[in-house]
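Asks: pasting a predicted model and its sequence here:
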Amino acid sequence: MQMSKPIQTEMASVNGVDLHSAGEAPGAEELRQRACSELLRQAAIAEGLLHAGDIAWTDGVLSEQASAAIEMLLERKLVVVEPSEQACRRHYAAQLASYSSGERVRLRHILFAVTPGVDVAALRKRAETTLLDVRCHAGNSADAVFAKAASTLSNCPTGAEGGELGWLMAADCAPEFAKEIFEQTEVGVLPRVVLTRFGMHVVDVQEREAGVPQPFEAVRGAVSMALRQHAYITALRQYLALLSGVK
């Protein structure tokens, strides 16, 4: 009997330090995160903030000492300028909807729940087929078709009421669901399947009520924080590019 050869996984490393153990095959995003952490860990050692004997674990988890040293390193290396009043006002004007309160939507949905053991590919195909079907109708027939599909296909208790969720605010929804619904202006059946922690949703936005913009003075702190966060991320990316030698 011929024995099959073990699969050889190419090792990813940063300056000779492995990012995973033999046989492990982390995804691209996981590898990217581990590489960034390892670059910063090595930089902390080079700056004398971390003992050279610190162990680089191949599961991507940093030691407490390494985490603290990296925090000190970033405080030393990243320069984040306080945003000006003018910059804050420009951002506020461009993102006015983000600084409004009270926006509501009336909607209904058909939920295809992702449960243990479910064939996700087949489930997505069902969701997309249903989406196409309900979008091919207009007027009163569209309402009836959506309600029937919800009552027969939805894994949500609202299916018995045609999928009706009523009026909702962003705080009433899971963050990923709110992002898809409240960061858009569309009304009607959305042209895409909405993915959340609960599964796949075919969503019909029936009405929207705009929120009330908050005065700049009331959200000045939030605006400034958003700009500082953006500047911090930009500075961190530039520093990591410098450490990795990417131009």
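Replies: Received, thanks. Residues are numbered from 1 along each chain as shown.
Asks: hmm, residue 126 is touching residue 112, no?
Replies: Yes - counting by C-beta atoms under 8 Å, residue 126 does reach residue 112; the two are 6.1 Å apart. All C-beta atoms are positioned from the backbone trio N, CA, C, and that covers glycine.
Asks: out of the two, which sits in the busier spot?
Replies: Set residue 126 next to residue 112 and count neighbours by other C-beta atoms under 10 Å: residue 112 wins out with 25 against 15.
Asks: ramachandran angles for the more buried one?
Replies: Dihedral pair for residue 112: phi -110, psi 100, per degrees, to the nearest 10.
Asks: likewise residue 168?
Replies: phi -130, psi 150.
Asks: now do the domain split for the chain, please.
Replies: Split into domains by automatic domain parsing, the chain comes to 13-77, 81-100+215-242, 103-210.
Asks: ends of the last one, what's the gap?
Replies: It refers to domain 103-210. Start and end residues of domain 103-210 are separated by 5 Å (C-alpha to C-alpha, to the nearest Å).
Asks: please enumerate the helices of the protein.
Replies: 28-46, 64-77, 85-94, 120-135, 139-153, 175-182, 216-244 (DSSP state H).
Asks: tally of neighbours for residue 103?
Replies: 16.
Asks: next up, the contacts around it.
Replies: 97, 169-170, 182, 208-211 (C-beta atoms under 8 Å, 6 or more residues apart in numbering).
Asks: measure the residue nearest to residue 165 when sequence neighbours are not counted to residue 168 for me?
Replies: Excluding the flanking residues, the one nearest residue 165 by C-beta to C-beta, 6 or more residues apart in numbering is residue 107, at 5.5 Å. Using C-beta to C-beta, to the nearest Å, residue 107 is found at 7 Å from residue 168.
Asks: overlap in contacts of these two?
Replies: residue 181.
Asks: any weak-confidence spans in the protein?
Replies: 1-10, 58, 60, 138-139, 246-247 (pLDDT under 70).
Asks: still on that earlier bit, what subset of the contacts of residue 103 is buried?
Replies: Among the contacts of residue 103, those classed as buried by 16 or more other C-beta atoms under 10 Å are 170, 182, 208, 211.
Asks: list the contacts of the residue positioned nearest the centre of the chain.
Replies: Central residue of the chain (C-alpha atoms, centre = their mean): residue 176, 7.2 Å from the mean position. Contacts of residue 176 were listed using C-beta under 8 Å, 6+ apart, and they are 195-197.
Asks: mind doing that once more with 10 Å?
Replies: Contacts of residue 176 were listed using C-beta atoms under 10 Å, 6 or more residues apart in numbering, and they are 194-198.
Asks: now do residue 151
Replies: 110, 158-163.
Asks: for residue 52, same thing?
Replies: 42, 45-46.
Asks: output those as a markdown table; include the columns distance to residue 144.
Replies: Output for these, formatted as a markdown table (distance: C-beta to C-beta, whole Å):
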| residue | distance to residue 144 |
| --- | --- |
| 42 | 63 |
| 45 | 67 |
| 46 | 68 |
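Asks: pairing partners for residue 212 in the sheet, please.
Replies: Counting by DSSP bridges, residue 212 forms beta bridges with residue 101.
Asks: number of residues surrounding the spatially closest residue to residue 177 that is not a sequence neighbour?
Replies: Of all residues beyond its chain neighbours, the one nearest residue 177 is residue 196 (4.8 Å), with distances taken as C-beta to C-beta, 6+ apart. Neighbourhood size, residue 196 [other C-beta under 10 Å]: 17.
Asks: residue 196 against residue 156, yeah?
Replies: No - using C-beta atoms under 10 Å, residue 196 makes no contact with residue 156, being 11.5 Å away.
Asks: what do these two both touch?
Replies: residue 111.
Asks: what residues sit buried inside stretch 207-224?
Replies: 208, 211, 213-214, 219, 223-224.
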